[in-house]
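A.B. asks: quick one, fold the following:
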Amino acid sequence: MTAATFEDDSSNIRDDNSNIRGWQLLLTYSFLFTDQNFIMLKKSLLIPILSSFILLYPTTSCADNLQSQNTTSHHQDTLRGSITPERAWWDLLHYHLSVAVNIKNKTINGSNVVTYKVLTPAKRLQIDLQSPMQLSKVEQNGKTLTVEQDGNAYLISTIAPQPIGSTQSLTLYFSGKPQIAKHAPWDGGITWAKDENGNDFIASSNQGIGASIWWPNKDHGYDEPDNGVLISVTVPEQLMDVSNGRLIKTEHNKKQHTKTYHWQVTQPINNYSVNINIGDYVHFDQKFYGKAYQGENGQLDMDYYVLRDNLAKAQQQFIDAKRTLEALEYWFGPYPFYQDSYKLVQVPYLGMEHQSSVTYGNKFKNGYLGRDRSQTGGGMLFDFIIAHESGHEWFANNITAKDLADLWIHEAFTTYSESLFLEYHYDQATAFKYIRGQRLNIKNTAAIIGQYNVNKEGSGDMYDKGSNMLHTIRQIINNDKKWRDILRGLNKTFYHQTVTSAQIEHYISAQANIDLSKVFDQYLRDVRIPSFEYFINDTTFKYRWGNVIENFDMPLTVSLNDKRTELKPTTKWQTIKLNSANSKLVVDANYYVSSLNLLGE
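C.D. replies: Below is the predicted model:
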């Protein structure tokens, strides 16, 4: 998730002696696993439960019902996660989303004008809206269109000609009681809360589960509205809505006791970034700290919205926003959305990377809710949510994964950006130690890349293991200027684009002039951590990679008798003669690998 998807739960400490990979890491880095406070929340308990049920009650009717349910579920997953023929023929240009929020009934109703360009001949298109929300009517050119519902997908048959290259629009009318977020932002939906003064405090969050949990749209990551979105939100007059982009107009209906806030996004935006945040907000901007932020592309408007009683705390804590943008512009290139500004908005959940409307709920504390995920001390030098969620403006919002299976593109780079913040503002030693400390949170139980075309992300290891993979690649390249150029080049080359993992992998390999394909395969598609196996006896030194995929060939830096040495191990034994007997070998700790001395010495 984009969001800060880390949940503290000490009950998830693993003491399983059969976890060989865990013991290898223990040998390599001498980590003291006394307390693992941070784990990934996203995990499936359904399969074990169903498996137990089937084993206990293997009746024919149960199996038949389960098969039917699985078939239906797979069909819906495919409709949601694949580029269906009903999606492929039209290119999304713009949304105008208008919603009225009925707080008393916890309902939403409104319309969405979808503007698109016709790419190929077709007549039927797919719009997604999840139950219990309902699409009540669709119009095009003043005519009501026929709609066929298939679960959460609505298949709309057009009447008017759809010439190739033409621009068309249709209006979707919808209403309902959207799913309540049980544990935002991980369980998506709408959060209906109260602030300390009893005022309503409401927010949306829907990565993974999809924006169609509350509004109708083309709910797939591959296509974004090229010209942005206009978001019009009607709320009770005593409250304010803060959404993405810039506030261009406010309308006050004194008769209805409502206000409508119109927020305009002019640049491409992914569906899950579109948000509503409603509360008793007060506002200040970056000029409170003395002057506006002057970034790489000139002045960037930075605005802050917090609950009235939290203004003083926010003014003290939100200084980290400018510090974050300074560091990440250095490493990643210009902030990608100067036209739409930057906002930090308080919400009733932990936080998330809504584009130009980054949401915040870290209780105005440094660290992750006041704790250091790395347990190295580095995590207490910055506000985790400000740094992490703002980092997503580059990786998630500027560069967006086409398929949820490639979500590591969002989370690995952004988790890695936390260390870049430390390196920029403090020193490299603190930053590198922080990354190594992140290894405490890695499970190595499932692959980072998920299943394609069914809206299924991979392992939560995409955060900390993904970050350590990038850090390892930096060691392989062994040129900090080139590494920074690669990070900046990614954001320039794939500016405002949706991408695949293959594109990112190939770009890094090409720019580094190193074939990193086996490195990516090992860390993204396999759960094993490479084991550097070696044998030193007298002056004979043998080494190879173990616990790896076929033909794994990652270079490695070691210290032999305190002398830095570059090795190129493969899966086959290599032998060299040393100048002195029984040399002492130490593997560079910045590589995320384990090591095994076969003689145990």
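
A.B. asks: how far off centre is the helix or strand residue 327 falls within?
C.D. replies: Applying DSSP states H and E as the criterion places residue 327 in helix 319-332. Centroid separation between helix 319-332 and its chain, computed with C-alpha atoms, centre = their mean, to the nearest Å, is 18 Å.

A.B. asks: may I see the buried residues of that helix?
C.D. replies: Neighbour counts over helix 319-332 (16 or more other C-beta atoms under 10 Å) mark 320-332 as buried. For glycine as for every other residue, the C-beta is placed from the backbone atoms N, C-alpha and C.

A.B. asks: repeat that for stretch 290-303.
C.D. replies: Buried residues in stretch 290-303, counted by 16+ other C-beta under 10 Å: 293, 295, 300-303.

A.B. asks: quick check: end-to-end length of that stretch?
C.D. replies: Using C-alpha to C-alpha, to the nearest Å, the end-to-end distance of stretch 290-303 comes out at 14 Å.

A.B. asks: what does stretch 588-597 give?
C.D. replies: 15 Å.

A.B. asks: report the distance from that stretch to the chain centre.
C.D. replies: Counting by C-alpha atoms, centre = their mean, stretch 588-597 comes out at 28 Å from the chain centroid.

A.B. asks: got a list of contacts for that stretch?
C.D. replies: 21, 24-25, 27-29, 432, 435-436, 439, 465, 468-469, 471-472, 474-475, 523, 529-536, 546-547, 556-559, 585, 587 (C-beta atoms under 8 Å, 6 or more residues apart in numbering).

A.B. asks: mark which of these are buried, thanks.
C.D. replies: Buried members of those, scored by 16+ other C-beta under 10 Å, are 21, 24-25, 28-29, 432, 435-436, 439, 465, 468-469, 471-472, 474-475, 523, 529-534, 536, 546-547, 556-558, 585, 587.

A.B. asks: closest to residue 283 among the buried residues of helix 319-332?
C.D. replies: For the buried residues of helix 319-332, the minimum distance to residue 283 (C-beta to C-beta) is 14.1 Å, reached by residue 321.

A.B. asks: and the spatially closest residue to residue 87 that is not a sequence neighbour, what are its phi and psi?
C.D. replies: Leaving aside its sequence neighbours, residue 87 sits nearest to residue 126 (C-beta to C-beta, 6 or more residues apart in numbering; 5.2 Å). The phi/psi pair for residue 126 (degrees, to the nearest 10) reads phi -110, psi 130.

A.B. asks: coming back round to it: quick check, nearest of the buried residues of helix 319-332 to residue 198?
C.D. replies: residue 321 (28.9 Å).

A.B. asks: show me where this structure has helices.
C.D. replies: 20-29, 46-56, 60-81, 85-88, 311-317, 319-332, 384-391, 408-425, 428-437, 464-477, 480-493, 501-512, 517-525 (DSSP state H).

A.B. asks: would you point out the helix or strand in this structure whose mean pLDDT is lowest?
C.D. replies: strand 38-40 (a mean of 31; mean pLDDT, DSSP states H and E).

A.B. asks: show me the contacts for the closest residue to residue 250 other than its chain neighbours.
C.D. replies: Excluding the flanking residues, the one nearest residue 250 by C-beta to C-beta, 6+ apart is residue 261, at 5.6 Å. Residue 261 is in contact with 232-233, 235, 240-243, 247, 249-250, counting by C-beta under 8 Å, 6+ apart.

A.B. asks: re the thing from before, wait, which of the helices of the chain is closest to residue 600?
C.D. replies: Across these, residue 600 has its closest neighbour in helix 20-29 (10.2 Å, C-beta to C-beta).
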